[in-house]
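1. Fold the following.
(2 chains)
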Number of protein chains: 2
Amino acid sequence: MSNENIYNPHVSVDCVVFGFDGERLKVLLIERNITEQNELYNDKKLPGSIILQDENLDEAASRVLNELTGLKNIYLSQFRSFGGPDRTKNPRDILWLENTMQLKIGRIVTVAYVALIKIDRKIQVKYENTQANWYDLNEMASMNLAFDHAEIIKKGLDHIRHQLDVEPHLLFELLPKKFTISQLRILNDVVHQTRSDVRNFQKKVAQMSYLVMLDEVEDGVPHRAARLYKYKK
Amino acid sequence: MSNENIYNPHVSVDCVVFGFDGERLKVLLIERNITEQNELYNDKKLPGSIILQDENLDEAASRVLNELTGLKNIYLSQFRSFGGPDRTKNPRDILWLENTMQLKIGRIVTVAYVALIKIDRKIQVKYENTQANWYDLNEMASMNLAFDHAEIIKKGLDHIRHQLDVEPHLLFELLPKKFTISQLRILNDVVHQTRSDVRNFQKKVAQMSYLVMLDEVEDGVPHRAARLYKYKK
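-> As a prediction, this is how the structure comes out:
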């Protein structure tokens, strides 16, 4: 084996964090500001960064997510690595990397993680000039996303859809602690890209032994307040 | 972000290839010979190597598997990356890497792939002093395995078990084109770590619409020759 083609890429982690705002699935993105020929250019990227020398991949993912969003103790699940040489073909991405990392960057292999969280978790950014916000997955097509992050988000979404087929209780990670059956149905429909019949869904719910009906109704809604439920592990 | 801790690891691919010999699940390993203080030391490793500059991860996995085993057109599915700094803590692994790759190697992040193949596929090694062979998964505990390859194999096995729950037809990748119901039952038991009742399994099989009974029986067996079946997609 000759070593002429051997090459040290950088290795990074990227986190695809999903939330649900009651109507739509959202993804947590970092706003990126790049000055290019004196014009400010703005796009979005996943919370991610290069791994450090003495941390393993899971540790890197938790650290980076915390640094860029303030989120702590999030269950991040590794789902796929992305490493084609064309990941860093966009000169804008290269420029941004060099400015941010103070480092010449060639190829980057990234290990992607996925998480489902409650959307009311507090987002708090540690760096100046950095903003983390929730973005609607339906609007991704019209969004400028860095690198291959549009593909990583798509693959992350495929992954959680598949995971939720196998472990449906993960759906409750996306709901508030107390929720209505209508919230559960809308989330279920959004995730599985279906449109459930309200009455059939009620029947399905009646069979979910892990749902506990509370002695409370929702607060401050214009319509008749619906009963609240919680998920019991 | 300072770059003092930033570090370029190497990136490799490793392939966990499973086969079934009619009785047991096997994994395809490369025999590794290391001379250490004038003594020959022998252990096993997964077919894997460092990625090259201009190939993507899937291409690297196919290339490396072909170079080390002669196998071509294998469906390799990426399942997880392994990248802890302690992956390369064994001096024997470091020495072997330096001898084989002619390169100082620090940390290696490896992207692992899994495949299910028919065990009668021809294995043909392109390099001198390299041997690829099938090894019994039950004997892994007593085997010397390089790096964290024992863990990678274990995680690969977890992955295919999970995959087979969701897509049971993948089981047929491990069987010969024509097989008996008894072979199918033994494989099913080995994969799912169960022990099926023969009669109950016959009933289950009767419901598998994708099984086609052939007008042939098995050849050259000491017992009464059993009917052969094939899988229809």
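
2. and A:A146, how many residues sit next to it?
-> A:A146: 21 surrounding residues under other Cβ atoms under 10 Å in any protein chain shown. Just so you know, the C-beta spots here come from the backbone N, C-alpha and C atoms, and that holds for glycine as well.

3. got it, and A:R80?
-> In terms of burial, A:R80 registers 21 neighbours under the definition other Cβ under 10 Å.

4. So it is in contact with A:T110, correct?
-> No. Contact between A:R80 and A:T110 fails when scored by Cβ atoms under 8 Å: they sit 9.4 Å apart.

5. Which residue ranges of chain A form helices?
-> Listed from the start of the chain, chain A has helices (DSSP state H) covering A:57-69, A:91-101, A:149-166, A:181-192, A:198-206.

6. how about these, which one is nearest chain B?
-> Using Cβ to the nearest Cβ as the criterion, the shortest distance between chain B and the helices of chain A is 4.4 Å, found for helix A:57-69.

7. in that closest one, what's buried?
-> By neighbour count, and taking 16 or more other Cβ atoms under 10 Å in any protein chain shown as the criterion, the buried residues in helix A:57-69 are A:L57, A:D58, A:A60, A:A61, A:S62, A:V64, A:L65, A:N66, A:E67, A:L68, A:T69.

8. cool, and stretch A:70-82?
-> For stretch A:70-82, the neighbour count (16+ other Cβ under 10 Å) marks A:L71, A:I74, A:L76, A:S77, A:Q78, A:F79, A:R80, A:S81, A:F82 as buried.

9. now the closest residue to A:Y135 other than its chain neighbours: how far from A:H149?
-> In this structure, A:Y135 finds its nearest non-sequential neighbour in A:L29, 5.1 Å apart by Cβ to Cβ, 6 or more residues apart in numbering or on different chains. With distances defined as Cβ to Cβ, to the nearest Å, the gap from A:L29 to A:H149 amounts to 8 Å.

10. hey, which of the helices of chain A is tucked in deepest?
-> The highest average neighbour count among the helices of chain A, using mean count of other Cβ atoms under 10 Å in any protein chain shown, belongs to helix A:57-69 at a mean of 20.

11. Would that one count as contacting chain B?
-> Yes. Shown here: helix A:57-69 in contact with chain B (Cβ under 8 Å from any Cβ of the partner chain) through A:L57.

12. Just give me how far that helix sits from the chain centre.
-> Distance, stretch centre to chain centre, for helix A:57-69: 13 Å (Cα atoms, centre = their mean, to the nearest Å).

13. Same check on stretch A:30-38?
-> Centroid separation for stretch A:30-38 versus its chain: 22 Å, with Cα atoms, centre = their mean.

14. Over to stretch A:63-73?
-> Its chain's C-alpha centre lies 12 Å from the corresponding centre of stretch A:63-73 when counted by Cα atoms, centre = their mean.

15. which other residues reach it?
-> Identification of contacts with stretch A:63-73 by Cβ atoms under 8 Å, 6 or more residues apart in numbering or on different chains yields A:13, A:15, A:17, A:28, A:30, A:47-49, A:52, A:55, A:74, A:76, A:115, A:117, A:121-127, A:130, A:132.

16. what's the answer for stretch A:163-183, then?
-> A:18-20, A:22, A:77, A:116-120, A:160, A:184, A:187-188, A:191-192, A:201-202, A:205, A:210, A:214, A:216, A:218, A:226-231, A:233, B:162, B:165-166.

17. Give me the average confidence score over it.
-> Summarised as a single mean, pLDDT over stretch A:163-183 is 93.

18. From the chain's centroid, how far away is it?
-> How far stretch A:163-183 lies from its chain's middle: 16 Å, per Cα atoms, centre = their mean.

19. check whether the least confident helix or strand in chain A by mean pLDDT contacts chain B.
-> Each helix and strand of chain A was given a mean pLDDT (mean pLDDT, DSSP states H and E); the minimum falls on helix A:91-101 at a mean of 83. Yes. Judged by Cβ under 8 Å from any Cβ, helix A:91-101 comes into contact with chain B at A:T100, A:M101.

20. can you redo the buried residues of stretch A:70-82 as JSON lines with pLDDT and distance to B:E98?
-> Putting the buried residues of stretch A:70-82 into JSON lines (pLDDT from 0 to 100; distance: Cβ to Cβ, whole Å) gives the following:
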{"residue": "A:L71", "pLDDT": "96", "distance to B:E98": "41"}
{"residue": "A:I74", "pLDDT": "96", "distance to B:E98": "39"}
{"residue": "A:L76", "pLDDT": "98", "distance to B:E98": "34"}
{"residue": "A:S77", "pLDDT": "97", "distance to B:E98": "35"}
{"residue": "A:Q78", "pLDDT": "98", "distance to B:E98": "29"}
{"residue": "A:F79", "pLDDT": "97", "distance to B:E98": "33"}
{"residue": "A:R80", "pLDDT": "98", "distance to B:E98": "31"}
{"residue": "A:S81", "pLDDT": "98", "distance to B:E98": "25"}
{"residue": "A:F82", "pLDDT": "98", "distance to B:E98": "29"}
